[in-house]
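Chemist: This is a predicted model, with the sequence first.
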Amino acid sequence: MKAVKITDGIYCLPVNLMSYQLFEGMWPMPNGISINSYVIKGEKTALIDLVEDTGNIPAEFMEELDSLALKPEDIDLVVINHMEPDHTSWLIDFHKRNPNVQFYVNKKTVPLLKSFFGITENVNIVNDGDRLDLGGGKVLRFFETPNIHWPETMMTYEESSGVLISCDAFGSYGTLDGVYFDDQLSTGQHKFFSDEALRYYANIVSSFSTFVSKGITKLADLDVKVIAPSHGIIWRENPQAIIDSYTRFASYMNGPAEPEVTVIWSSMYGNTEQLVNTVVQGVRKEGLPVHVHRVPETHVGEILASAWRSSGLILGMPTYEYEMFPPMAWVLDMFRRKKVWNKKVLRFGSAGWSGGAQKELTALTEKLKWEFIEPIEWMGAPTQVELDLAMERSQELARMVKAYAGK
Ligand code: FEO
């Protein structure tokens, strides 16, 4: 691939990680992900973030540099917005080729540069709001935006163009292949990147939602003409669209989220499964969209996105050896870690030998600010009584969600 021109002297160098890899060693990415580095050419040439040292990625990145008639040794300075290795692990090789390059980082990055790469020389510390004149009309300004995604994260703004290189914020899953900007997207592609932005947000950023809201507020007065994130599409026609999406995603943590219900269910021998269709019908009768995921068949990364945007959750979970069914316990523990808060919740499930799942669920979700309605539990196989309760309580839950989320 060639570098992609954003405006005079500012280029994106995207490389694609493909779908067979797990992002962060954990998250499936069936549509891959792009890693976007940026070059800004003034009298000095700056590289903003690098790439992951995996597979053919460094070679592809070098090709893109070459398309700008640049080699690693032509880079005068490297700005590191974020130390996570998807943006830095190729730094070892790069530094061997260009040992005199100057680094511009904030103070939290300094110990990380040393511990990850042993780099302590030519490290220049920038503070929040500092400016760096590259000459030739290009001036960088740095904004600390901690915890979007790591503690040291910052954004780099180029003043003459209004391009905000926003690091992980405003990013999405999905590779870039011939289409790089929001104004090049078809309606279908627009929906694709919107969905992939939500899934990326739920997987990577959700637990830092308070910091996302703070970061967006902090930059509200900046004249941003282009949002250029570290992952996914570049927003130049309507940068406010992705800012609004991230504002909305962050707001879901404290609720309400969308007036929708996500059903997450698991079943050992089909007894808990017998209520699934009924609860789905109950929600639909109340006119709400419902998303259904079976565990463990569906990966928690996909379920997280669905749960994050839904104001209501219905959990179909049997008791297993006096406790929660283990694959559901994994999902619910991830909800705790990722701050899936402020939901309206119904749980149903077979009680196994003598129950226990409900007790563990109550304890696990104690701090999640979930409002439960009375669960449906039974010994052995469900009867018509439980099926009737499933209809009744799923409708009750849907009405609660409507009252809460405003539909
Ligand atoms: Fe794209 Fe948090 O690294």
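Modeler: Thanks, I have the structure now.
Chemist: what about the residue of the stretch 301-407 of the chain found nearest the ligand, distance to Asn98?
Modeler: When distances are taken as CB to the nearest ligand atom, the stretch 301-407 of the chain reaches nearest to the ligand at Lys338, 14.6 Å away. Backbone N, C-alpha and C define where each C-beta goes, glycine included. As defined by CB to CB, to the nearest Å, Lys338 lies at a distance of 38 Å from Asn98.
Chemist: next one: Trp330
Modeler: Spatial separation of Trp330 from Asn98 under the definition CB to CB is 44 Å.
Chemist: Show me which of those two is the more surrounded one.
Modeler: Residue environment comparison for Trp330 versus Asn98 gives the larger neighbour count to Asn98, 17 against 13, counting by other CB atoms under 10 Å.
Chemist: Could you check the pLDDT of that one?
Modeler: You'll see Asn98 listed with a pLDDT of 98.
Chemist: doesn't Leu304 make contact with the residue of the stretch 301-407 of the chain closest to the ligand?
Modeler: Yes - taking contact to mean CB atoms under 8 Å, the distance of 6.0 Å between Lys338 and Leu304 places them in contact.
Chemist: So which of those two has more stuff around it?
Modeler: The residue with more neighbours, out of Lys338 and Leu304, is Leu304; 24 against 21, by other CB under 10 Å.
Chemist: which SS state does that one fall under?
Modeler: Each residue gets one of three states, and Leu304 gets helix by DSSP: H, G, I helix; E, B strand; the rest coil.
Chemist: could you pull out the strands for the stretch 101-250 of the chain?
Modeler: Taking DSSP state E, counting those that start in this stretch as the criterion, the stretch 101-250 of the chain contains strands spanning 102-105, 123-125, 131-135, 138-144, 154-158, 163-167, 226-229.
Chemist: how many neighbours does the closest residue to the ligand within the stretch 101-250 of the chain have?
Modeler: Taking CB to the nearest ligand atom as the measure, the point where the stretch 101-250 of the chain comes nearest the ligand is His149, at 3.8 Å. Other residues lying near His149 total 21 when counted by other CB under 10 Å.
Chemist: So for Lys338 and Leu304, which residues contact both of them?
Modeler: By CB atoms under 8 Å, 6 or more residues apart in numbering, Lys338 and Leu304 have these common neighbours: 202, 206.
Chemist: mind listing what Gly287 touches?
Modeler: By CB under 8 Å, 6+ apart, the residues touching Gly287 are 398, 402, 407.
Chemist: Show the residue spans covered by the helices in the stretch 101-250 of the chain.
Modeler: Along the stretch 101-250 of the chain, the segments classed as helices by DSSP state H, counting those that start in this stretch run 109-117, 187-200, 209-218, 239-251.
Chemist: Can you point out the buried residues in the shortest one?
Modeler: Buried residues in helix 109-117, counting neighbours by 16 or more other CB atoms under 10 Å, are found at 109-110, 112-113, 116.
Chemist: Please apply the same query to the last one.
Modeler: If you call a residue buried by 16+ other CB under 10 Å, then helix 239-251 has these buried ones: 239, 242-243, 245-246, 249-250.
Chemist: Just send these back as JSON lines, with pLDDT and distance to Val51 too.
Modeler: Formatted as JSON lines, those follow (pLDDT from 0 to 100; distance: CB to CB, whole Å):
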{"residue": "Pro239", "pLDDT": "98", "distance to Val51": "24"}
{"residue": "Ile242", "pLDDT": "97", "distance to Val51": "22"}
{"residue": "Ile243", "pLDDT": "98", "distance to Val51": "26"}
{"residue": "Ser245", "pLDDT": "97", "distance to Val51": "25"}
{"residue": "Tyr246", "pLDDT": "98", "distance to Val51": "23"}
{"residue": "Phe249", "pLDDT": "98", "distance to Val51": "26"}
{"residue": "Ala250", "pLDDT": "98", "distance to Val51": "27"}
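Chemist: which one of these is nearest Ala59?
Modeler: Ile242 (30.1 Å; CB to CB).
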